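Peer 1: What follows is a predicted protein model with its sequence.
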Amino acid sequence: MTVAAGLTPPSQTLNDRIAAVTSADERQNFYLDEILVSPQHNRVALGERSLRLQPKVMAVLAYLAQHQERVISAEELMDQLWKGRVVTPSSVQKSINSLRSTLAELAGEREFVAHFSKRGYQLVVPARFPEPQQASLTVPGKRSGRVAAWIAVCVLMTVAVFTGIRLWVPGAPVPEDKWPRLHVTEFRFSGGFTSDIGHERSAEPHPDGERVAYVRDTDGQEGLQSQILIRDREGRDWPLASADGSWVNLAWSPSGRNLVAVEMRRAEGLPPSPAYYEKPNYLYSFHIFTLDFSGRRLLEKNLLSQWQGAIESVTWWDENTLEFVASQGPDSASERYRYVIAEQQLSMLNPLDSGYSPQQNLVREKISAVLSRRGNKAQVEFLDPGQKRLAAWPVPSTHVEISWIPDGSGVLILEKDTAELYALYWDGSVTPVRLHRDQVLSLSYPRYRQNGQSLLVSAIAAKTHLQRIALDGQSQVLSSDAFYNSFPRFSADGETLVFASLRDGQQQIRSLRGEIEELLLTADKPVTRMIWPDGQDFLLYKSGRAIWVYSFSERTPRRLLERTAGADPLAYDPGSQQLWVTKQTGDARNIWLINLQSRLEKQLTFGAVASALAHDKGMYFQYRGQHGLWTLSDEGPQQVSANLPNNSQLLRVVSGGVYFVVGGPCRESAVQYLDLSTDTITIAAERIDNKVISHDFHPHQGTLQLRCELPESNILEWAADGREFRKSG
């Protein structure tokens, strides 16, 4: 198999797969940072200054904006924009050069369009399209009618997801007669499928229902190692393969005779993990095992060439063909690929008609369920064997895992932000999947057994040492590893600290002052971010998808924002009711300002923000992959230092400087201090053990950190009743 970064399928295949941009989309105004692009007038404007683009150059810009999530080849641009005229790639290059020249004249030397060798062009500054209600003010009436109709469809689809109302894409076949619901959705009994070592995960049930493949991790002297095992009904394990890395995807072929497993590891010479905010860069290898279960023999093993990019999921189209979702590098969008094993033939599948980017693809009887994303919107699309869309239903978060329900009636979805499970069916209706479980467990990789009567889930009981490392290097354990603790923060004077803790089956936020520990509040959903703003009498935290504020004086929490769409809190001004957040949109993370009264949002940075902290009503941040430190002013982002190392993790901003670490999680540097008056860096606190994750630093109290340890995890099995559990266990 020849698979490598930069692979481009045959041009005729690529041309066939392109969905044309509608004339309405080509006319729609949009923004590149603060630049207003008006395709109707062939104008780009910044402030009071505007410049004209040639019509074909504007057409190229509009097309790149409409497809900004992926790289566009010169052949595609010629096919879509020159439509039948005899042109060469040099015509495309001339348009790109003219576009770059005009944008540089308007906004200075900055890269708006990137060129990827042998692949094409991509817009690297995010294009912002007006909200539908804004677009209706400037677009003719017919367009407004289309927008209103589209809004109505989106509203109805969202209602369908949360209320179970049944809606269908026009012309889609109704599959209920073919796929009755033969599975249960409430599980009252549970037991350990594995409990041998305490680091088992990723159970993949075999099609015959008699055995399960799973992964066991060990943390050795040389780093993480993974082993694939196959367990039968009698609980006997068959060790199949080991890797000096991690097995990240398992999938059985339709007959169950073959197992594909994806091995992920770092390239030789690279650190064992990426740096903070660095886009992951791993090598992936496909291993295909042909098995004889009666003799417990490995008949054949095929190792396919390494993929340099990211493998998101792998599945089988038929007994001889793999399908997988992958990107070809840190800055490229995910695509769906098909690989015919016997012929060693790789091809790229057509893009989704929706224009969404695929994230996960699963096939059952040549029906595909695709989890796809555009910005902060996600949906599950069902495709027929010819890759035509049968139905598409929105899901409330981009952070989900999906797997087929064995009876084919729909997919099982785990929402990671809220730890909720539910079944999404072909007709768009939704049923919660209820597990009577201990809330201290974090769940992943849920899979139905083939009979639909029991469920295998990886359950992680993460427990951490919360430590304070004083300036003299002395270590103090603040909370033992009997609980999972996270996001510790010092008060401004350093005498009190707060932290999130998962204990007694509850998500808690606690305070510690001296020897006195106090419970402040309990949260319904996992706490994934917490901030104690300097000199303020409140905490900001994110729980599930909502952002909350907790007042120490009133001792009450109050929800500020219901649905955050990938946003994390950064700062809050109670007087003006303004909330600053970092928001993830696609692969870009930026700082936004939200007026909580009007609900108006304004993007303050454009690019890819890495670490960010607020101090004294100022925002300090770094762009991903770039040296230096920036702050926000009325004129926009201003660089205040050129020396902050790239991919730094900011710990605390004080008057005159910034404390930070470099490296990555579990391989941190010493705590360093950047003096903004001299733009020089010194060591603030030496590091004895770098296998930690630091969360805060106080100039008088030291570092708050968590020890890095392989979390305890086991595979649990849930069943609807005790009898079924004993049968399946």
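Peer 2: Perfect, thanks for sending it.
Peer 1: Once you drop chain neighbours, what's closest to the spatially most central residue of the chain?
Peer 2: Computing the C-alpha centroid of the chain and ranking residues by C-alpha atoms, centre = their mean puts residue 399 first, at 5.8 Å. What sits nearest to residue 399 in space, not counting adjacent residues and going by C-beta to C-beta, 6 or more residues apart in numbering, is residue 416, at 4.2 Å. Every residue, glycine included, has its C-beta placed from N, CA and C.
Peer 1: One more: residue 239?
Peer 2: Closest to residue 239 by C-beta to C-beta, 6+ apart is residue 229, at 5.4 Å.
Peer 1: Low-confidence stretches in the stretch 451-600 of the chain?
Peer 2: The stretch 451-600 of the chain contains residues with pLDDT under 70 at 461-462, 480-482, 565, 586.
Peer 1: how about the strands in it?
Peer 2: For the stretch 451-600 of the chain, applying DSSP state E, counting those that start in this stretch gives strands covering 454-461, 466-469, 475-479, 484-490, 496-503, 506-513, 516-523, 527-531, 538-543, 546-551, 556-561, 567-573, 578-585, 588-595.
Peer 1: So which of the ones you listed is nearest residue 445?
Peer 2: strand 454-461 (4.4 Å; C-beta to C-beta).
Peer 1: can you pull the contacts of the residue nearest to residue 209 when sequence neighbours are not counted?
Peer 2: The shortest distance from residue 209 to any non-neighbouring residue, by C-beta to C-beta, 6+ apart, is to residue 450 (3.9 Å). Listed by C-beta atoms under 8 Å, 6 or more residues apart in numbering, the contact set of residue 450 reads 205, 206, 207, 208, 209, 406.
Peer 1: What residues are bridge-paired with the closest residue to residue 699 other than its chain neighbours?
Peer 2: Excluding the flanking residues, the one nearest residue 699 by C-beta to C-beta, 6+ apart is residue 654, at 6.7 Å. For residue 654, the beta-bridge partners are residue 657 (DSSP bridges).
Peer 1: go on, residue 374?
Peer 2: According to DSSP bridges, beta-bridge pairing links residue 374 with residue 377.
Peer 1: And residue 103, its phi and psi?
Peer 2: Dihedral pair for residue 103: phi -70, psi -40, per degrees, to the nearest 10.
Peer 1: In contact with the closest residue to it other than its chain neighbours, which residues?
Peer 2: Of all residues not flanking residue 103 in the chain, residue 112 sits nearest, at 5.0 Å (C-beta to C-beta, 6+ apart). Residues in contact with residue 112, defined by C-beta under 8 Å, 6+ apart, are 32, 99, 100, 103, 123, 124, 125.
Peer 1: Is the second one in a helix, a strand, or coil?
Peer 2: When states are read from DSSP: H, G, I helix; E, B strand; the rest coil, the local structure at residue 99 comes out as helix.
Peer 1: that older thread, mind checking which of the contacts of residue 450 are buried?
Peer 2: 205, 206, 406 (16 or more other C-beta atoms under 10 Å).
Peer 1: thinking the second one is in contact with residue 258, fair?
Peer 2: No - Residue 206 is beyond contact range of residue 258, at 11.2 Å (criterion: C-beta atoms under 8 Å).
Peer 1: And residue 187, how far from residue 59?
Peer 2: Going from residue 187 to residue 59 by C-beta to C-beta, to the nearest Å gives 55 Å.
Peer 1: How many residues are close by residue 432?
Peer 2: Under the neighbour criterion other C-beta atoms under 10 Å, residue 432 is assigned a count of 11.
Peer 1: Report the separation between residue 105 and residue 112.
Peer 2: 12 Å.
Peer 1: hmm, I was thinking of residue 184
Peer 2: 53 Å.
Peer 1: Ok, residue 85 next?
Peer 2: Applying C-beta to C-beta, the value for residue 85 to residue 112 is 26 Å.
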